[in-house]
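Enquirer: Below is the sequence, then the predicted model.
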Amino acid sequence: MLKTVSILGCGWLGLEVGKTLYKKGFNVQASTTTNKKIQKLKKEGFTSFLIDTKKENNDLRDFLNCDILLICIPSRVDNFLEFLDKIYQDLKKTHIILISSTSIYPNENKDFDEDYHINKTNCGKKNVYEIEEFCKENFSKLTILRCAGLMGYDRFAAKYFHNKVVKDSNKKVNFVHKDDVVCAIEQVIKTSTFDTFNLCSKQHPTKKQLYSFQAKNKNIKILNFENTENYNNRIIIGNKITNKLNFSYKFDNPFTYFLV
């Protein structure tokens, strides 16, 4: 029997997940906030829904009638907790995959894995923490994927510093390639795993090392690299998923992101 996956927030990541799962035989239901994108999603073979989490929506029953709900809404979206509160009763038997962020960890000079105890006081981003906590309290079939900075293809860090100055140039970065996130979602679905995982490449070069490499390869002009002494190297450890789910990162090193 065909499994149905609904993707709440079919943007840069969600669209790629939808394409991948559709090719694997899933029935894909995708949401967008604009009429313009409805036709684009339909061309991909998706059943498309116009859903704005910041507004009152009429009837979400068809969209929420799914085996898997992938939540790809940025945590900074206003009123998102209120939206979740309206829909969670309809999702008691659904596998929820929440795309979260490693920004939930404190900005401290240490390594962070999933065993680190996060609370309301020490969390890095309060809104990310509150969304995770709501999901933990209300969904029994829950997978949380805490993604480091999402990169790959047209998205690379140096691009955002064209004709700008990079500060804290010796600070180490935490990035993950979009393809690895898509593959991780596939593996979670395949194994029906309910757990929390960090997703982050193993190597953590400094901003200066990586951005200067990217700038050279992509013809980006960075004005200067400035180093200070008052930053923290918060290092995200992403190997729990490799140990538990036999998952392998395609891109363990951000310098290799350009190889596709």
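Expert: Thanks, I have it.
Enquirer: Ala30 contacts Lys42, doesn't it?
Expert: No. Assessed by Cβ atoms under 8 Å, Ala30 is found out of contact with Lys42, at 9.1 Å. From N, CA and C alone the C-beta is placed, and that goes for glycine too.
Enquirer: shared neighbours of these two, which are they?
Expert: Contact criterion Cβ atoms under 8 Å, 6 or more residues apart in numbering; residues shared by Ala30 and Lys42: Ser48.
Enquirer: neighbour-wise, which of those two wins?
Expert: Ala30 (30 against 12; other Cβ atoms under 10 Å).
Enquirer: so for stretch 110-129, what's the average pLDDT?
Expert: The pLDDT scores in stretch 110-129 average 96.
Enquirer: which residues make contact with that stretch from outside it?
Expert: 75-76, 100-107, 146, 196-198, 234-237, 240.
Enquirer: Just the buried residues out of the residues you listed, in PyMOL syntax.
Expert: With 16 or more other Cβ atoms under 10 Å as the criterion, this PyMOL line picks the buried residues out of the contacts of stretch 110-129:
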select buried, resi 75+100+101+102+103+104+105+106+146+196+197+198+234+235+236+237+240
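Enquirer: Narrow the contacts of stretch 110-129 to those in helices?
Expert: Using DSSP state H, the members of the contacts of stretch 110-129 that fall in helices are Lys240.
Enquirer: Figure out how far stretch 117-126 is from the centre of its chain.
Expert: Taking Cα atoms, centre = their mean, to the nearest Å, one finds stretch 117-126 lying 19 Å from the centre of the chain it belongs to.
Enquirer: List the buried residues of it.
Expert: For stretch 117-126, the neighbour count (16+ other Cβ under 10 Å) marks 118, 123-125 as buried.
Enquirer: Give the residue spans of this structure that score low on pLDDT.
Expert: Along the chain, segments meeting pLDDT under 70 span 1, 57-58, 259-260.
Enquirer: Which secondary structure element is home to Ile131?
Expert: Assigned by DSSP states H and E, Ile131 belongs to helix 126-138.
Enquirer: before we move on, what SS does Leu81 have?
Expert: When classified by DSSP: H, G, I helix; E, B strand; the rest coil, Leu81 comes out as helix.
Enquirer: Distance check, it against Glu133.
Expert: When distance is defined by Cβ to Cβ, to the nearest Å, Leu81 is 10 Å away from Glu133.
Enquirer: With Gly14 instead?
Expert: 23 Å.
Enquirer: More neighbours: which of the two?
Expert: Each of Gly14 and Glu133 has its neighbours counted (other Cβ under 10 Å); Gly14 has more, 24 against 15.
Enquirer: The stretch 101-250 of the chain: strands as residue ranges?
Expert: Ranges of strands in the stretch 101-250 of the chain, per DSSP state E, counting those that start in this stretch, are 111-112, 142-147, 149-151, 165-166, 175-177, 196-199, 224-225, 235-236.
Enquirer: Out of the buried residues of stretch 117-126, the closest to Ile7 would be?
Expert: Distance ranking of the buried residues of stretch 117-126 against Ile7, using Cβ to Cβ, places Lys125 first at 22.8 Å.
Enquirer: which residues does Tyr257 contact?
Expert: Taking Cβ under 8 Å, 6+ apart as the test, what Tyr257 contacts is 151-152, 156, 175, 177, 251.
Enquirer: again, only using 6 Å
Expert: By Cβ atoms under 6 Å, 6 or more residues apart in numbering, the contact list for Tyr257 reads 151-152, 177, 251.
Enquirer: And Thr20, by the same measure?
Expert: The neighbours of Thr20, taking Cβ under 6 Å, 6+ apart as the test, are Val182.
Enquirer: so how far is Trp12 from it?
Expert: Counting by Cβ to Cβ, the separation of Thr20 from Trp12 is 14 Å.
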